[in-house]
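Visitor: let's see this in three dimensions:
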Amino acid sequence: MERSGLINKVKIKLDELTPEGVGLPFDDYIGPMLDESAKEILEKGPMHLLTSTDLIITGILYANNKAYIPVPVDYIRLAEMKFPLWKKSVKNAISTENPAYAIQENEYLAGGYGRPSVVKLSTSPVGGAVSKYLECSKVVASAVPTSASYIKTAKPEELNDLLADSLSWLCCSKIFIIGKQGDMAKIALEQFANSLTQS
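Guide: Predicted coordinates:
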């Protein structure tokens, strides 16, 4: 859907919830809040409605039965990663704060080929400058992924048209929060959740 169509959708939803008016010049906020809402949907939205991009595998490093793949600049989240010998693909990269990461660092509890893991972290696997990598374990040195894709940044108008309703409700909730209208923001968030499950 075009950006102007999305902006109109947001305005209609704002009018639905506040026929007396929002109480602030919301036109200035719609654009930035649409962009922020799109990023949030890309981070947490249903994978079947998002478009994944093949991960270009260059500069891969190997150390301690792990592969370190540089994270692209436009990376939002992992869509899928599968190496040879892995029994299944991984569709979610965990962070170093996740309790499952501590398990992966324990040599007795870490998953093997039957329970692989992918962790997004900032590190320097072979010394030198610290960069963002996807740490994949357990991997045989010199192995290349058979499948690697990710969700990249996108403008609101580049998202699947089925997400337009969800996107506009989320944007409305953010505008209501800016306007300190918590009750309206809560209603808009509930509508967002409902529309996302129906997409």
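Visitor: any idea how far the residue nearest in space to the middle of the chain is from residue 137?
Guide: Nearest residue to the geometric centre of the chain (Cα atoms, centre = their mean): residue 43, 2.1 Å. Going from residue 43 to residue 137 by Cβ to Cβ, to the nearest Å gives 24 Å. C-beta here means a position set from N, CA and C on the backbone, and glycine is covered the same way.
Visitor: can you check residue 36 too?
Guide: Residue 36 is 33 Å from residue 137, by Cβ to Cβ.
Visitor: try residue 62
Guide: Taken as Cβ to Cβ, the span from residue 62 to residue 137 is 11 Å.
Visitor: the two: who's more crowded?
Guide: residue 137 (20 against 16; other Cβ atoms under 10 Å).
Visitor: are we agreed that residue 193 is in a helix?
Guide: Yes: Residue 193: assigned to a helix according to DSSP: H, G, I helix; E, B strand; the rest coil.
Visitor: number of nearby residues for the nearest residue to residue 61 once chain neighbours are set aside?
Guide: Distances taken as Cβ to Cβ, 6 or more residues apart in numbering place residue 68 nearest to residue 61, at 4.3 Å, with adjacent residues excluded. By the criterion of other Cβ under 10 Å, residue 68 has 22 neighbours.
Visitor: same check on residue 95?
Guide: 10.
Visitor: picking that back up, so the residue nearest to residue 61 makes contact with residue 132?
Guide: No: between residue 68 and residue 132 there is no contact under Cβ atoms under 8 Å: 10.0 Å.
Visitor: for residue 67, give its distance to residue 138.
Guide: Counting by Cβ to Cβ, the gap from residue 67 to residue 138 is 9 Å.
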